[in-house]
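Asks: here is my input; please provide its structure:
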Amino acid sequence: MREQDLLDHLKSYLTDKRIAKFETVLSQRTTHFTVATEDVYQLHNTSAVIRSCDVFGIQEVSIVEEQNTKRIDREIAMGAQKWVDLNRYHSVKTCISTLKERGYQIVATTPHKNDCDLQDFDISKKSCFFFGRETEGLSDEVLNSADCFLKIPMVGFTESLNISVSAAIILQYVTYKLRRSNIDWKLSEHEKLKKQLDWCRKTIKSYDEIVERFYQVEN
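Replies: This next block holds a predicted model:
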């Protein structure tokens, strides 16, 4: 209850337009699907994937950095890193274990396994789509741990796409199907409340001082 009261107070520091935007975006957010990138070398690729996640309503992204540790390219991400939750891992094994504990199946996106074409993908299961390094692709650890393999049908000479392009194509398709299904894919009311508080923290200047004064008055 106090969190709701705090949110109501914080909204007084936001414009009506911003409040409406928060509510509209959250109504389309999901954790039914999530994305993981594994040791992507080019900084702009990871940033572009995060941007696509924001665009298509994916709330969480896992970034595995066993070999390559870099900051997010803010220019490419276009501020998406503020609105999407980033979970960083130094081990792909830990990342996979955590995701599976949360009920996600591991989906290896690769053109080398003849398992499932994108249009045949079962959207009913909670899924994490793994995207690998630009040249080597996904590691054997991901491939051996994968519950299924997913590929984008291609008819040209080139056998693969840039990972940020692949991510955008896959996310657009699966989220389009998800929103037209009967699956319970939306965030809970409690999750929406938590996320609005987080977005207020990232939006409002002097957020900490405002919250401190709020609780002093409450007490």
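Asks: neighbours around the residue nearest to Ile163 when sequence neighbours are not counted, how many?
Replies: Nearest residue to Ile163 in three dimensions, chain neighbours excluded: Phe131, at 4.5 Å (Cβ to Cβ, 6 or more residues apart in numbering). Quick note: C-beta positions are derived from backbone N, CA and C, even for glycine. Here the count is done by other Cβ atoms under 10 Å, and Phe131 has 25 residues near it.
Asks: over to Leu86?
Replies: Leu86 is surrounded by 15 other residues when neighbours are defined as other Cβ under 10 Å.
Asks: just Asp8 next, same as before
Replies: Close neighbours of Asp8, defined as other Cβ under 10 Å, add up to 9.
Asks: how near is it to Cys95?
Replies: As judged by Cβ to Cβ, to the nearest Å, Asp8 and Cys95 stand 37 Å apart.
Asks: what's around the closest residue to Ser145 other than its chain neighbours, how many residues?
Replies: Once flanking residues are discounted, Ser145 sits nearest to Ile96: 5.0 Å by Cβ to Cβ, 6+ apart. With neighbours defined by other Cβ under 10 Å, the count for Ile96 comes to 24.
Asks: am I right that Ile96 sits in a helix?
Replies: Yes. If the criterion is DSSP: H, G, I helix; E, B strand; the rest coil, then Ile96 is within a helix.
Asks: just the pLDDT for Asn68.
Replies: With respect to pLDDT, Asn68 scores 57.
Asks: in the chain, which residue is closest to the centre?
Replies: When the chain is reduced to its mean C-alpha position, the nearest residue by Cα atoms, centre = their mean turns out to be Glu60, at 3.0 Å.
Asks: list the contacts of that one.
Replies: The contact partners of Glu60, by Cβ atoms under 8 Å, 6 or more residues apart in numbering, come to 31, 34-35, 53, 84-87.
Asks: out of the residues you listed, which are buried?
Replies: Members of these that pass the buried threshold by neighbour count (16 or more other Cβ atoms under 10 Å) are listed as 31, 34-35, 53, 84.
Asks: give me the next element, helix or strand, following the worst-scoring helix or strand of the chain on mean pLDDT.
Replies: The helix or strand with the lowest mean pLDDT-type score in the chain, counting by mean pLDDT, DSSP states H and E, is helix 74-77 (a mean of 50). Counting by DSSP states H and E, the element after helix 74-77 in chain order, helix or strand, is helix 80-83.
Asks: what sits up against that following helix?
Replies: 25, 47, 50-51, 53-55, 72, 74, 199, 202.
Asks: could you measure from the residue nearest to Ser145 over to Gly103?
Replies: Relative to Gly103, Ile96 is positioned 13 Å away (Cβ to Cβ).
Asks: before we move on, what about Ser97?
Replies: In this structure, Ser97 and Gly103 are separated by 13 Å, where distance is defined by Cβ to Cβ.
Asks: now do Asp85
Replies: Asp85 is 17 Å from Gly103, where distance means Cβ to Cβ.
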